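Visitor: Kindly generate the corresponding structure for this input.
(2 chains)
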Amino acid sequence: MKTVIVRYVAMALLVTIAAIVVAREQTDTNHTPDRWASERGMYVVSFTSSLDPIPINKMHEWMLHLEAANGEPVDGAEISFAGGMPEHNHGLPTSPRVTENTGGGDYRLQGIRFHMKGNWQIIISIFEGPTVDRVVIDLNL
Amino acid sequence: MNTKPRFLALLVAAGISIAGLGPAAHSDLTTEWSKEEIELLRSLWLGSLEPLLSDQSNAVADNPLAARFGHALFFDVRLSGTGDISCATCHQPARRFTDGLPKGVAIGVSKRNTPSIVGTAYSPWLYWDGRRDSQWSQAVSPLEDPNEHGTSRRDVVNVIITDDAYHATYEQLFGVPPGVSTHEGLDRTFANIGKAIAAYERMLMPGPSRFDDFVAALVDGDMQAVDILTADEAAGLRLFIGDAQCIRCHNGPLLTNNEFHNTGVVAFPGEVPDKGRADGIRLVRADPYNCLGRFNDAAKRRCDELVFARTGAGLIGAVRTPSLRNLGGTEPFMHKGQIAALHDVLEHYNEAPLALIGHNEAEPLGLSDEQLEQLEAFLLTLDAPIAVAEKWLRAPDTTAAALPRN
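Guide: Below is the predicted model:
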């Protein structure tokens, strides 16, 4: 009986350790979407990347999620995407653009590729009728 | 009864093995190279090169018969207006598929320096200015350049049709050749010839170099690593990934990001500065053989590189980053062979002069002569034989007429 209990405890311990290791690895390698407030406070933007962590030299796409300040998803906005490496005075190697508003505040952004490691700055401009606001995202690859 | 001691022993053993995974296992090496540096070295290591993706635009890209056909075509001087020029005239296997000249010399003088073919299957863009977007569309382009092969697609297709072995091989791969009477037939047969040549070129990959042996040993914690590079080579490597900033563009296992950069290289004597990618993007978009064209074999075309390609003033004077594997014996360097020796290339980046057109993305490095020599010493550790059987590096043993038919 004692042996059985020890075995259960040992197994539980191992499972716990394994779970901790797996959880740590996941937080290490998986990018959890962060949220960025726009400069004029009109929107909150988050994104997920089709390749995670974001690699260099690989074409991929992002799904942008756009919410109003009150948390309501925003559809039908026009979104432009620009960026570069301010320290090195050059832009993105591609011209990514939003190709689809899939609903629920989600926008498909295609044609993203980074060609260097380092500090990138992404500028997402959001146009709705006469208004414009923008989100600046700093990425370290 | 004895479970508890066994369990304790297990825990102790686990503790030992966990400790063994830590820095203590190869402390000497990790004190020399930081964790961040080792991560960068691993990113440059040939062992990190991902398997080549299939080329959906070319249905015969991985077909062995197409590779043999392409091999024969690559060395075939009949594919020229003068009957004495083949792809191998400029892309000489013994010189890592370059020619040792500032600009390629075939029938006339080509526009730019002959780049190597090795590893280009990984590049979304071909040529210094990226005016082609696949190996196969690039492969046929020199054939009709009056300064290079100086022939026409009609004459090239005629060679295929009239040579019995070529004809049979072509038919096996692509079906009955449509003949030379229609533009459509000519264009399609010409594209297929490019696809066979590309099937051969796809096999040309760099082999592991001394640098790769070093990284392999380092990541394994093998103390032998310290003996693989000399002190100067190791110092050069540290500069490459650090202060010299070479790794910004020369990144990944092929040491290129395959992107376009203006680095302020002087114009070729007597010429206006080369507009580089600014011309290349216009040309590739107009190319009927590009990814979006009807000669792309993919069932569902994904042409993100072309569709989302960058345009604008930043492309003026920008040329494609070349791989740094196998630089030895491939001088002169740069897109028009403007710089004769590797040391002078490093001097150029150390100074980072103003660009004549566009803007130089590089900044002065302020490295000493000794550091430049160390960088050069490191770069030469990237030399290695091409990772393909020797028979592929010379003209086929058999004449074209004996091309295998299986």
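Visitor: Does A:His65 touch A:Phe47 like I think?
Guide: Yes - shown here, A:His65 and A:Phe47 form a contact pair, counting by CB atoms under 8 Å, at 6.7 Å. In short, each C-beta sits where N, CA and C put it, glycine included.
Visitor: and those two? which has more neighbours close in?
Guide: Set side by side, A:His65 and A:Phe47 show unequal neighbour counts under other CB atoms under 10 Å in any protein chain shown, the larger going to A:Phe47 at 21 against 18.
Visitor: Check what pLDDT the more buried one gets.
Guide: pLDDT for A:Phe47: 96.
Visitor: Not counting its neighbours along the chain, what's nearest residue 83?
Guide: Here I'm looking at chain A. Computed as CB to CB, 6 or more residues apart in numbering or on different chains, the closest residue to A:Gly83 that is not its neighbour in sequence is A:Ile122, at 4.1 Å.
Visitor: hm, I was asking about chain B
Guide: On the basis of CB to CB, 6+ apart, the spatially nearest residue to B:Gly83 that is not a chain neighbour turns out to be B:Val77, at 5.9 Å.
Visitor: List the contacts of that neighbour.
Guide: Neighbour list for B:Val77: B:83-86, B:89 [criterion: CB atoms under 8 Å, 6 or more residues apart in numbering or on different chains].
Visitor: Next secondary structure after the host helix or strand of B:Ala66?
Guide: Assigned by DSSP states H and E, B:Ala66 falls within helix B:64-74. Sequence-wise, the next helix or strand downstream of helix B:64-74 (DSSP H and E) is helix B:87-90.
Visitor: which secondary structure elements does that next one contact?
Guide: Other elements packing on helix B:87-90 under the criterion 3 or more CB pairs under 8 Å, 6 or more residues apart in numbering or on different chains; DSSP states H and E are helix B:64-74.
Visitor: ranges for the helices of the stretch 51-200 of chain B?
Guide: Listed from the start of the chain, the stretch 51-200 of chain B has helices (DSSP state H, counting those that start in this stretch) covering B:64-74, B:87-90, B:135-140, B:153-162, B:164-174, B:183-201.
Visitor: Name the residues of the fifth one that come out as buried.
Guide: So that's helix B:164-174. Neighbour counts using 16 or more other CB atoms under 10 Å in any protein chain shown place B:165-167, B:169-170, B:173-174 of helix B:164-174 among the buried residues.
Visitor: by how many degrees do that helix and helix B:153-162 diverge?
Guide: 100 degrees (axes from the mean of the first three to the mean of the last three CA atoms, to 10 degrees).
Visitor: Against which helices or strands is helix B:164-174 packed?
Guide: Helices and strands in packing contact with helix B:164-174 are listed as helix B:64-74, helix B:153-162, helix B:183-201; criterion 3+ CB pairs under 8 Å, 6+ apart.
Visitor: Which one, of those helices, ends up nearest to chain A?
Guide: Shortest distance between chain A and the helices and strands packed on helix B:164-174, using CB to the nearest CB, is found for helix B:183-201: 20.2 Å.
Visitor: Give me the packing partners of the next helix or strand along the chain from the closest one, helices and strands only.
Guide: Heading C-terminal from helix B:183-201, the first helix or strand you meet, by DSSP H and E, is helix B:210-220. With contacts defined as 3+ CB pairs under 8 Å, 6+ apart, helix B:210-220 has these neighbours: helix B:35-44, helix B:225-228.
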